[in-house]
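Student: here you go, sequence then predicted model.
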Amino acid sequence: MSETRDREVIIIACSGIGKAFGSVGREAAYVVTEELRPGCTSTVCLSLLTLGDEDARRRVRQHPTITIDGCPTACARVNVEQAGGKPAATFRVFDVFRQHKELKVRRVSDIGEAGKAMARILAEQIADKVDELRDDKE
């Protein structure tokens, strides 16, 4: 395996405070980093980027980064760009919802089974992108 293939892919989900789709996006990030692609993905706390944490900023500049946004404000994408990174891919929770309107998220504090199913669908799409990014580096 090449050195670049060993590099991690950073997944940054929006904070989504008060927004159910933000909670779905965070859940998707954890599914990717803990279940689907552990060892080759990790997360960076979005608030660290907004606060200007140099380690967080360095990581999004040096590693392929995927952003997940829960609303049109696109805080994850915008903050990665403001930190000097260029997202390798951006995902929006709403796009998954548009394809699966039967999945109604219960509430911010409890996304329910439908929200978890939506997060899983999104996580699988992100995991495919992780594979593509890592394959492109060989």
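Tutor: Alright, I've got the coordinates.
Student: which residues does stretch 36-46 contact?
Tutor: 6, 8-15, 29-30, 32-33, 56, 59-60, 75-76, 79, 123-124, 126-127, 130-131, 134 (CB atoms under 8 Å, 6 or more residues apart in numbering). C-beta here means a position set from N, CA and C on the backbone, and glycine is covered the same way.
Student: just the buried ones out of those, please.
Tutor: 8-15, 29, 32-33, 56, 59-60, 75-76, 79, 123, 126-127, 130, 134 (16 or more other CB atoms under 10 Å).
Student: on the three-state scheme, Ile121 is what?
Tutor: Judged by DSSP: H, G, I helix; E, B strand; the rest coil, the three-state class of Ile121 is helix.
Student: about what we covered before: so of the buried ones among the contacts of stretch 36-46, which ones are in strands?
Tutor: Mapping the buried ones among the contacts of stretch 36-46 onto strands (DSSP state E) picks out Val9, Ile10, Ile11, Ile12, Ala13.
Student: pLDDT below threshold where in the protein?
Tutor: Within the chain, the ranges that satisfy pLDDT under 70 run 1-6, 136-138.
Student: tell me which element Thr67 is part of?
Tutor: strand 65-69 (DSSP states H and E).
Student: residues making contact with that strand?
Tutor: 9-14, 25-26, 28-29, 74-77, 80, 85-93, 122, 126, 129-130, 133.
Student: what residues of stretch 77-94 count as buried?
Tutor: Across stretch 77-94, burial judged by 16+ other CB under 10 Å covers 77-81, 83, 85, 87-93.
Student: so what's the residue count around the closest residue to Arg106 other than its chain neighbours?
Tutor: Excluding the flanking residues, the one nearest Arg106 by CB to CB, 6 or more residues apart in numbering is Gly112, at 3.6 Å. Gly112 has 14 neighbours, counted by other CB atoms under 10 Å.
Student: next: Pro72.
Tutor: 7.
Student: that one in helix, strand or coil?
Tutor: Three-state assignment for Pro72 (three-state DSSP): coil.
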